[in-house]
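Peer 1: for reference, the sequence and a predicted model appear below.
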Amino acid sequence: MRYVAVVCPRCGKASAARLDAKRHQCPYCGYVMQVESASIIAVGSARAVREAVVRHNTQLG
Ligand SMILES: [Zn+2]
């Protein structure tokens, strides 16, 4: 199973979604985005994507 780290266009936070998912709901603000048209910052294993999500959200301060 591969995952993607997507950035929410509404709140700017990253979260992990399954690569084969059509839609993904932001866990922070509830926004529902299309995975294929979302801003993807990482693709790979669950661990790699989780690290990318943490790194992105940490940089937001
Ligand atoms: Zn959001």
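Peer 2: Received it, and whenever you're ready, just let me know what you need. Computed from a predicted model, the values in this text were never measured in an experiment.
Peer 1: residues near residue 28, how many?
Peer 2: 14 (other CB atoms under 10 Å). C-beta here means a position set from N, CA and C on the backbone, and glycine is covered the same way.
Peer 1: now the one 5 residues further on
Peer 2: Counted with other CB under 10 Å, the neighbours of residue 33 add up to 19.
Peer 1: tell me which element it is part of?
Peer 2: strand 32-34 (DSSP states H and E).
Peer 1: just residue 49 next, same as before
Peer 2: In this assignment (DSSP H and E), residue 49 forms part of helix 46-59.
Peer 1: how about that helix as PDB, C-alpha atoms only?
Peer 2: Listed next in PDB are the C-alpha coordinates belonging to helix 46-59 (Å, rounded to 0.1, in the frame of the first residue of the first chain):
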ATOM      1  CA  ALA A  46       3.300   5.000   5.300                       C
ATOM      2  CA  ARG A  47       6.400   5.900   7.200                       C
ATOM      3  CA  ALA A  48       7.900   8.200   4.600                       C
ATOM      4  CA  VAL A  49       4.600  10.000   4.100                       C
ATOM      5  CA  ARG A  50       4.100  10.300   7.800                       C
ATOM      6  CA  GLU A  51       7.500  11.900   8.200                       C
ATOM      7  CA  ALA A  52       6.800  14.300   5.400                       C
ATOM      8  CA  VAL A  53       3.500  15.300   7.000                       C
ATOM      9  CA  VAL A  54       5.200  15.900  10.400                       C
ATOM     10  CA  ARG A  55       8.000  17.900   8.700                       C
ATOM     11  CA  HIS A  56       5.500  20.100   6.800                       C
ATOM     12  CA  ASN A  57       3.200  20.700   9.800                       C
ATOM     13  CA  THR A  58       6.200  21.500  12.000                       C
ATOM     14  CA  GLN A  59       7.400  24.100   9.600                       C
END
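Peer 1: perfect, that will be all.
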